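Trainee: the following comprises the amino acid sequence and a computationally predicted model.
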Amino acid sequence: MMPFEHLNATSMEDALAALGDDWQTRIIAGGTDLLPLMKEQIIAPSRLVNIKEAPELARLDFDPDDGLVVGALATLDEVARNPAVRQKYRVLAEAIDVAASPQLRNMATLVGNLLQTSRCWYYRGPFFCWLKGGDSCCAAAGENRLHALFGGGPCFSAHPSDPAPALVALGARLTIHGQEGNSRSVPLEEFYALPTEDRRRETILGPGELVVEIRIPPQPQEARGSYLKAMARETWAFALVGVAVHGVWEGPMAREINVTLGSVAPIPWRARQAEDLVRGKPLDGNLARQAGEAAVADARPLQQNGYKVKLVRTLVERALLMASAPKGRRHTAA
Ligand SMILES: Cc1cc2nc3c(=O)[nH]c(=O)nc-3n(C[C@H](O)[C@H](O)[C@H](O)COP(=O)(O)OP(=O)(O)OC[C@H]3O[C@@H](n4cnc5c(N)ncnc54)[C@H](O)[C@@H]3O)c2cc1C
């Protein structure tokens, strides 16, 4: 690891004042993603700003009128154990339950999870991958069995977060503060953006910005969701495919519906064709199957990841049926 300076911020203002206008200064929360990247010298920041001693970032509050607020320091474990999350935001609780391991969920923050970087082996290894400044994506014609079906090119990596699709499905927003005292509230869905030549990153966050909290709107009584994850082994594995479904149900009919896929694109990916098919009609096995087909209509598999098409199709069908029912199984191993 390269030498770096370590600052303890004891307030949000301290943290913002310590940030710079480039990525040489990084925020550290749980450190479970940042420190391995530094140890492997994939990134080499000259300064870390530790936010764990800033009390105003530790919120985890539910209010029936305002919804759920998850501060930047709330860990995955704290969020998943919160009674309001388990009762009213089931898709999020289910997504966190199958993310990483108990030890990691204890250290890792939900905000840090949303900001974790690509798990692509070319990004994480000693390769000159496009995301790290190379000329082209090594996975495009290389080892690509874990890579993107949608939105690929120039980068074909698959966004690894389980909670991110669940939070997109719930209509979450991020509160972001900048160094000039400015603040903005951004829908999580717009916070993620496909990397471009000028911005080789998966989010629109700037280097001098701090994500202060996640806000999830209150949900009507009839709202229910489900998260399903296909894994190469039963536990402690990143998703091959993740599917988050959240809807507002009138009996078997979804008045509102959101289907968001994980691990199939460089960012969480809305399956809008599936949503359009399902919205406003009574859901049965046949309609759920058609929605699964619609979800993969625009898939562009690479040489080795065609199996993901079948996984998306099947998990969308199952997640819709589970979300429409009061109870369901939590996850599916591939
Ligand atoms: C072995 C292993 C298995 C895993 N399996 C899964 C899995 O199955 N599913 C899954 O979803 N995830 C998985 N993860 C990812 C894990 O959930 C993340 O590493 C973790 O959530 C990151 O949170 P953190 O608090 O440790 O973030 P950190 O490592 O501290 O930070 C991560 C990034 O976010 C930035 N950051 C953190 N907080 C803020 C803030 N408030 N404002 C602005 N920037 C900020 C940091 O600068 C850094 O760039 C796994 C990780 C490991 C190591």
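Mentor: Arrived safely.

Trainee: quick one: the helices in the stretch 151-300 of the chain, in order.
Mentor: When secondary structure is read from DSSP state H, counting those that start in this stretch, the stretch 151-300 of the chain shows helices at 163-169, 188-191, 272-278, 285-295.

Trainee: which one of the ones you listed lies nearest to Thr260?
Mentor: Smallest distance to Thr260 across the helices of the stretch 151-300 of the chain (Cβ to Cβ): 4.0 Å, for helix 163-169. The way it works is simple: take the backbone N, C-alpha and C, and place the C-beta from them, glycine included.

Trainee: looking at the helices of the stretch 151-300 of the chain, which is nearest to the ligand?
Mentor: helix 163-169 (5.9 Å; Cβ to the nearest ligand atom).

Trainee: who are the packing partners of that closest one?
Mentor: Helix 163-169 is packed against helix 90-97, helix 110-114, helix 188-191, strand 223-231, strand 241-250, strand 253-262, with contacts defined by 3 or more Cβ pairs under 8 Å, 6 or more residues apart in numbering; DSSP states H and E.

Trainee: just to revisit the earlier point, please identify the most buried of the helices of the stretch 151-300 of the chain.
Mentor: Ranked by average neighbour count under the criterion mean count of other Cβ atoms under 10 Å, the helices of the stretch 151-300 of the chain are headed by helix 163-169 at a mean of 30.

Trainee: and it, how far out from the chain's middle?
Mentor: 6 Å (Cα atoms, centre = their mean, to the nearest Å).

Trainee: contacts for it next, please.
Mentor: With Cβ atoms under 8 Å, 6 or more residues apart in numbering as the test, helix 163-169 has contacts from 76, 91-92, 94-96, 99, 110, 113-114, 188-189, 192, 214, 216, 225, 227, 242-246, 258-262, 268-270.

Trainee: starting at the chain centroid, how far to stretch 220-230?
Mentor: Distance of stretch 220-230 from the chain centroid (Cα atoms, centre = their mean) equals 16 Å.

Trainee: whoops, stretch 63-80 was the one
Mentor: How far stretch 63-80 lies from its chain's middle: 15 Å, per Cα atoms, centre = their mean.
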